[in-house]
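A.B. asks: 3D, please:
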Amino acid sequence: MKQVLFFLFIIGSILLDCDEKLIQLKEDMQAADGTEKTESLIKLAEYYREIDINISLNYSSQALDLARKLGSQKDEISAMLSLADNYLEMGDYVKVIEHLESARKLAVLLNNPYSDIELYKFYAKFQSSLGNHQKSNEYYFKVLDLAKETDDRKLIAQVSQNIGVNYRYLKVYSESMVYQEQALQIYEELDNYAGISSTLISIGKNWMNLNDHERAMTFSFKALELSKEHNDYWTESIACNDIAWNYLQLGDIEQAIHYNKQAYEIRLNNEITAMAGSSAINIGKIYLEQKKFKTAEYYFELALEHLKGYSSQAVNKLREDCYFNLSGVAEQRNENEKALQYYKKHIAIRDSLDRLNNYRKLTELQTRYEVEKIEKENELLIEIQQLDLNRQKTIIYGFAIIFLLSILLIFFILNRYRLKHLQNEDLARINQKLNQEIDERVKIEKILNAHQEHVKLINKILRHDLANDLSVMKSGVNVFLKTKDEKILEETHRRIDKSVQLINRMREFEKFMTAHSHLKVYQISKIVEQIRRSYPATGITLRGECEVMADETIDSVFENIISNAIVHGDCEKIEIDSTPEDEYCKIMITNNGRKIPDNVGEHIFEEGFSSGKTGNTGLGLFIVRKAVESYGGEVTLDNNQPGNVVFAIKLRRAI
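C.D. replies: You can find the predicted model right below:
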């Protein structure tokens, strides 16, 4: 009994009769023109396919005639596949193959990805109808690859969902879940509630087949909630249908009847008549199992009333089951004549369905043979096309070689013509190189002259200072010999030490100038005066004077330290003290701004370090340190107290 009920639940999910949708489709068809009208006719054919196959065939034929009249090969392929779909529903596989082959040949000529997608989708559906779900998935995977190439997210979701359904039929539930969840994720990203609902229903059916009815209902309830939110009565009724089935399997008869009746009311109120009949049968089955024969009979007769006017195989299967169960009810109530009449009707419909099924099985075997034959022919056709393509490539390559040879000949002639011009260019380049070498020699001579000047300066200092010191020492020695005064000897020692220090200092200066030949003499007062003009609101004072060895970046060194004190330290006064110390000049830059935080002060000279809302890239003080070090000097944060922040710079003095 439960197995039959489950079959009826599944059958119910493919029946649709919604007048509002039909009216809208017909209005769209009347308003459309050209290819849009062809598409509307195909949609009407799809609508009628489960209701009246003859009307569906008529719309498909109209679509094909219009597509041929318009010369639209793409629409012609779609119309052929629509006709093939109708014949597939009728079980006429010969006609299916005939239209499918015509569509395939046209698609080969058209070479359009959209047409390939439509063709592969139908092949997949066709194989699935033959029960060959593995082969069906092979075609769906081809569609999936094309959809990914065109980044058609909606198509990717639809195909993933169909692949999942095929895996469910193959009972490979793990793979089915993977593809269903992929489809669900994409539908959620696209905010496609219809796709989300249908996928939730499909995932629920997976768990139903795995007999995990509690988990199955979680997905069915989600679909129910979403369909109510969007007034999707079709999905809402299917969700109720599935929930009822799960409750029935869990033994909760009351809830099973409740949700079946809810599905029935939704379908009846929204004129989904055939599905209302399916729901009535489900309710009757439950009451029959509970031995409530009168109530069961009421719902079976109600179902027959709703199924009037429909003649599809699915509806006839429902009608056959109604008569069988009505016969059983009559027999239980000892209404034997009535039971016999119902049973005869059941047998008549069953025999008709059996004949149709037997015919379909025979034609199915023939079709499988024909499909395999077509596939082999397709493979052969592809090989022939590949040979043609190779031949065309050979011809193209031949022309390409001739073209390249012609280009080479032209290039050779032009090359000969350009030789003199190139020779002139070579002479010009040689001349330019000579000029560059002359310029380089002039620069070297300037550097040598500068070194000579430094050497002269050192010699001058040595001659002057050492001569003075030697003269003092000579006089001191003479006086000491006469007076034996040890104070004079001490002065002589001091003069000797001073002379040695001078010689060492000159040697260090010579090494420094050799290693820093790019450095020039800069005056601290001029640098400070230039920066003072940029900050007129801040009191900047200078005490002392020094000339130091540096390059053009010396301005940036002072600019960065002073601007940081003003911008980040909010200082109002800056004092600069310049003091000579042996061969160096020590420059103390003091501001009365805020104290630099301790955790910041120890990192401020590091590359990329910055702090606080006013911190920028953190390169300023890093550049200061690198520049000063390149001059052979050093820079430190000497003091860090509120109102007394001191930076110390030590630079080589100019002699």
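A.B. asks: low-scoring stretches of the stretch 401-550 of the chain, by residue?
C.D. replies: 422, 424, 426-427, 434, 437, 439-469, 498, 501-502, 504-518 (pLDDT under 70).
A.B. asks: can you map out the helices along it?
C.D. replies: With DSSP state H, counting those that start in this stretch, the ranges of helices along the stretch 401-550 of the chain come out as 467-483, 486-515, 524-534.
A.B. asks: mind listing what Tyr120 touches?
C.D. replies: By C-beta atoms under 8 Å, 6 or more residues apart in numbering, the contact set of Tyr120 is 139-140, 142-143, 146. (C-beta placed from N, C-alpha, C; glycine too.)
A.B. asks: Wait, a helix at it?
C.D. replies: Yes - in this structure, Tyr120 lies within a helix as judged by DSSP: H, G, I helix; E, B strand; the rest coil.
A.B. asks: Using the three-state scheme, assign the one residue sitting closest to the centre of the chain.
C.D. replies: The structure's the chain has its C-alpha centroid closest to Asp151; by C-alpha atoms, centre = their mean the separation is 11.2 Å. With three-state DSSP as the basis, Asp151 sits in coil.
A.B. asks: Likewise for Ile576?
C.D. replies: Counting by three-state DSSP, the backbone at Ile576 sits in strand.
A.B. asks: now Gly569
C.D. replies: Assignment for Gly569 (three-state DSSP): coil.
A.B. asks: which residue lies farthest from the center of this structure?
C.D. replies: In the chain, Lys482 marks the outermost C-alpha relative to the chain mean, sitting 100.3 Å out by C-alpha atoms, centre = their mean.
A.B. asks: what sits up against stretch 574-587?
C.D. replies: Counting by C-beta under 8 Å, 6+ apart, 505, 508-509, 524-525, 528, 538-548, 562, 565-566, 588-592, 633, 648-653 sit against stretch 574-587.
A.B. asks: meant to ask about stretch 246-253
C.D. replies: Residues from elsewhere that reach stretch 246-253 (C-beta under 8 Å, 6+ apart): 2, 5, 208, 211, 213-214, 216-217, 220, 255-256, 259, 286, 290.
A.B. asks: residues of stretch 220-230 that come out buried?
C.D. replies: 220-224, 226-227 (16 or more other C-beta atoms under 10 Å).
A.B. asks: Which residue, neighbours along the chain excluded, lies closest to Leu326?
C.D. replies: Tyr342 (4.4 Å; C-beta to C-beta, 6 or more residues apart in numbering).
A.B. asks: er, Arg333 I mean
C.D. replies: Phe293 (5.8 Å).
A.B. asks: ok, back up a step: just the contacts of stretch 574-587: which are in strands?
C.D. replies: Residues of the contacts of stretch 574-587 located in strands (DSSP state E): 539-543, 547-548, 588-591, 648-652.
A.B. asks: Which two among these are spaced furthest apart?
C.D. replies: Gly539 and Arg652 (29.2 Å; C-beta to C-beta).
A.B. asks: So for those two, which sits in the more crowded spot?
C.D. replies: When neighbours are counted by other C-beta atoms under 10 Å, Gly539 and Arg652 differ, and Arg652 comes out ahead with 20 against 13.
A.B. asks: Who are the contact partners of the more buried one?
C.D. replies: Contacts of Arg652 (C-beta under 8 Å, 6+ apart): 512, 548-549, 583-585, 631-633.
A.B. asks: same deal with Phe122?
C.D. replies: If you count contacts by C-beta under 8 Å, 6+ apart, Phe122 has them with 81, 84-85, 100, 103.
A.B. asks: now the strands for this structure?
C.D. replies: Using DSSP E, the strands of the chain run over residues 520-523, 539-543, 547-550, 573-581, 584-591, 634-641, 644-652.
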